[in-house]
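Peer 1: Only the shape, not the letters, is given here:
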């Protein structure tokens with residue numbers, strides 16, 4: 001992907017200077033930029049930031065109503081990224097990209113059954129733990145991961161078997177059922193982990209990942225009947241004329257009523273996440289660790305609300321791969337309530353965390369640290385069909401820029417290990433001018449002549465997409 005230097009957002013010079021100062025403080029021998037990037041000393045550990053990474057499940061971008069406390073904290077005292085994406089809008093591939101900083105075609109977890117394909121030596125938790133961080137996981141880990149198997153490179157964990165009430169957990173190696181609402185349990189386990197900072201002086205990494213707002217989107221009892229603002233849809237809901245769309249979208253049947261019901265459930269389930277965020281913020285303040293904690297909040301993927309008749313994820317339409325994306329680190333100057341218009345993705349989380357901690361990874365990464373000025377002009381978003389059955393989308397890859405999106409569907413499928421089979425032939429293509437058609441209503445390739453495709457720049461986009469898919 002091509003990169004260039006962007007215009008500096010408000011306050012960027014100040015917070016980059018702060019970030020550089022913190023990085024310099026961390027860059028002591030044996031820790032940052034050392035020949036052994038996992039080596040650490042106790043004195044160096046004390047100077048590095050704590051890391052709080054919150055990843056929700058299936059949370060669309062436009063869910064601000066349910067998260068006012070989050071927005072007050074990370075929006076008002078951090079950075080709001082206006083173009084946040086999931087590079088693969090599916091749970092396990094996305095989370096594997098979060099951990100490794102790699103595209104799914106490079107880390108190998110191409111579907112939810114293939115979690116064992118992730119090289120655990122490439123994960124951010126491995127680097128942090130071996131660099132002296134105290135590491136904790138609270139909530140969902142990876143789809144298809146056996147509950148009895150302990151998550152590698154975490155010192156403490158409460159690993160959830162996805163559910164909202166009275167779920168099964170692996171608590172530090174013991175599988176058990178815990179009564180109660182799982183978002184609240186995740187909150188309380190996280191707070192207990194943070195409390196240990198009063199006596200344990202090591203920097204810590206907390207991966208906090210509630211099940212909300214995944215189906216069935218069950219809210220806590222206190223929010224079961226909370227009124228939700230009425231939503232009248234958007235032009236892509238449900239888009240009556242889908243003659244220019246692929247077959248699975250032509251046959252999609254979701255309605256505005258379906259979308260309203262789903263949205264209501266999702267928003268209600270996210271209210272408890274917002275409560276957890278506030279409790280965590282209050283705990284950090286009480287511990288005196290709010291300033292030197294790098295906080296990142298995002299979702300593993302978005303979700304469509306009957307856009308083009310589709311009421312799921314896994315598709316190359318904006319609501320499926322756009323996600324909320326926030327960052328705060330006041331000690332590095334990232335605490336003043338700014339916006340950043342760069343195209344960012346889950347791929348950038350691990351590089352950012354390792355940069356903040358002064359660790360140079362020994363594996364290649366596709367993302368880049370958000371603490372610097374690196375910027376991409378487009379993002380590769382990709383998704384693979386698992387197996388050969390079903391009526392959903394074929395395997396696809398997409399070139400996503402701010403002003404345009406080009407997508408190819410392929411004759412390819414994966415098995416349970418993530419291995420790919422098929423001819424690779426292009427089965428369908430879409431191109432949208434996002435500037436004039438942000439809701440992706442008119443596929444400009446439908447019925448286009450070769451001359452029209454040339455005028456749209458399709459050959460160059462196809463070549464760029466092919467290069468991205470092998471990069």
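Peer 2: Structure received. Since this is a predicted model, take the numbers as computed values, not measurements.
Peer 1: by contact count, what packs against the longest helix along the chain?
Peer 2: Ordering each helix of the chain by length in residues (DSSP state H) puts helix 256-287 first. Under the contact criterion of 3 or more CB pairs under 8 Å, 6 or more residues apart in numbering; DSSP states H and E, helix 256-287 touches strand 50-56, helix 68-70, helix 182-195. Bear in mind the C-beta positions are built from the backbone N, C-alpha and C, glycine included.
Peer 1: my guess is residue 106 meets residue 366, correct?
Peer 2: Yes. Between residue 106 and residue 366 there is a contact at 6.3 Å, judged by CB atoms under 8 Å.
Peer 1: and the longest helix of the chain, average pLDDT?
Peer 2: Here helix 256-287 scores 98 as its mean pLDDT.
Peer 1: quick check: angle from that helix to helix 182-195?
Peer 2: Between the axes of helix 256-287 and helix 182-195, defined by axes from the mean of the first three to the mean of the last three CA atoms, to 10 degrees, the angle is 20 degrees.
Peer 1: ok, residue 106 and residue 366, which is more surrounded?
Peer 2: residue 366 (24 against 18; other CB atoms under 10 Å).
Peer 1: Mind pulling up the pLDDT for that one?
Peer 2: The per-residue pLDDT reported for residue 366 equals 98.
Peer 1: Ok, the one 3 residues further on next?
Peer 2: What the model reports for residue 369 is a pLDDT of 98.
Peer 1: and it, what does it touch?
Peer 2: Each residue near residue 369 by CB atoms under 8 Å, 6 or more residues apart in numbering is listed here: 348, 351-352, 354-356.
Peer 1: what do you get if the cut-off is 10 Å, keeping everything else the same?
Peer 2: Contact analysis of residue 369 by CB atoms under 10 Å, 6 or more residues apart in numbering lists 19, 23, 101, 348-356.
Peer 1: likewise residue 225?
Peer 2: Listed by CB under 10 Å, 6+ apart, the contact partners of residue 225 are 219, 268.
Peer 1: returning to what we had before: between the helices and strands packed on helix 256-287, which gets nearest to residue 286?
Peer 2: Between residue 286 and those, the tightest spacing by CB to CB is seen for helix 182-195, at 9.2 Å.
Peer 1: Any buried residues in that closest one, and which?
Peer 2: For helix 182-195, the buried set under the neighbour-count rule, 16 or more other CB atoms under 10 Å, comprises 182-187, 189-191, 193-194.
Peer 1: Nearest to residue 226 among the residues you listed?
Peer 2: Of all those, residue 183 has the smallest distance to residue 226: 14.5 Å, by CB to CB.
Peer 1: How much space separates that closest one from residue 448?
Peer 2: Look at residue 183 and residue 448: by CB to CB, to the nearest Å, they are 47 Å apart.
Peer 1: Could you do residue 408 as well?
Peer 2: Relative to residue 448, residue 408 is positioned 14 Å away (criterion: CB to CB).
Peer 1: before we move on, what about residue 124?
Peer 2: Note on residue 124: its distance to residue 448, by CB to CB, is 43 Å.
Peer 1: Same drill for those two, tell me which one is more crowded.
Peer 2: Each of residue 124 and residue 448 had its neighbours counted (other CB under 10 Å), and the higher figure belongs to residue 124 (27 against 16).
Peer 1: got a list of what that one touches?
Peer 2: Residues counted as contacts of residue 124 (CB under 10 Å, 6+ apart) are 51, 53, 98-101, 133, 135, 153, 205, 207, 349-354, 357, 359, 361.
Peer 1: Can you flag which of the residues you listed belong to helices?
Peer 2: Checking these against DSSP H, those in helices are 98-100, 349-354, 357.
Peer 1: Ranking by neighbours, what's the top pick from the residues you listed?
Peer 2: The residue in those with the most neighbours, by other CB under 10 Å, is residue 100 (31 neighbours).
Peer 1: Closest to the mean position in the chain, which residue would that be?
Peer 2: Nearest residue to the geometric centre of the chain (CA atoms, centre = their mean): residue 300, 3.8 Å.
Peer 1: what sits against that residue?
Peer 2: Applying CB under 10 Å, 6+ apart, we find residue 300 in contact with 55-59, 86, 88-98, 140, 143, 209, 214, 313, 323, 346.
Peer 1: Run through the chain and note the low-pLDDT ranges.
Peer 2: Confidence mapping of the chain against pLDDT under 70 gives the ranges 1-46.
Peer 1: Show me where it has its helices.
Peer 2: 12-26, 42-47, 68-70, 91-100, 104-107, 124-130, 182-195, 247-250, 256-287, 318-321, 349-357, 450-456, 458-470.
Peer 1: neighbouring contacts of the last one?
Peer 2: Residues outside helix 458-470 that contact it (CB under 10 Å, 6+ apart): 1-2, 103, 105, 366, 377-382, 397-399, 401, 404-408, 410, 424, 426, 429, 431, 444-445, 448, 450, 452-454, 457.
Peer 1: same check, this time on the shortest one
Peer 2: Residues outside helix 68-70 that contact it (CB under 10 Å, 6+ apart): 54, 56, 63-64, 75-76, 78, 270-271, 273-279, 281, 297, 324, 326.
Peer 1: List buried members of those by neighbour count.
Peer 2: Of all the contacts of helix 68-70 considered here, the ones buried according to neighbour count by 16+ other CB under 10 Å are 54, 56, 63, 75, 78, 270-271, 273-279, 281, 297, 324, 326.
Peer 1: Okay, buried residues for stretch 215-225 please.
Peer 2: Of all the residues in stretch 215-225, those buried under the rule 16+ other CB under 10 Å are 217-220, 223.
Peer 1: For residue 169, give me its contacts.
Peer 2: The contact partners of residue 169, by CB under 10 Å, 6+ apart, come to 138-139, 147, 157-161, 163, 175-178, 182, 185-186, 189.
Peer 1: Please disregard the earlier target; I meant residue 456.
Peer 2: With CB under 10 Å, 6+ apart as the criterion, the residues that contact residue 456 are 404, 406, 431, 433, 444-445, 448.
Peer 1: Let's see which of these end up in strands.
Peer 2: Under the assignment DSSP state E, the contacts of residue 456 contribute 404, 406, 431, 433 to strands.
Peer 1: ok so, going back, out of the helices and strands packed on helix 256-287, which is closest to residue 416?
Peer 2: For the helices and strands packed on helix 256-287, distance to residue 416 was read as CB to CB. The smallest value, 23.7 Å, belongs to strand 50-56.
Peer 1: what's the angle from that closest one to helix 91-100?
Peer 2: For strand 50-56 against helix 91-100, the angle between stretch directions is 170 degrees (the same axes, to 10 degrees).
Peer 1: between strand 50-56 and helix 349-357, how many degrees?
Peer 2: When the same axes, to 10 degrees is applied, the directions of strand 50-56 and helix 349-357 differ by 160 degrees.
Peer 1: For residue 134, give me its contacts.
Peer 2: Taking CB under 10 Å, 6+ apart as the contact definition, residue 134 lies against 45, 50, 128, 154-156, 193, 196-197, 200-206.
Peer 1: can you tell me how far residue 427 sits from residue 248?
Peer 2: Remark: distance between residue 427 and residue 248 (CB to CB) = 11 Å.
Peer 1: ugh, wrong one, residue 407
Peer 2: Using CB to CB, residue 407 is found at 13 Å from residue 248.
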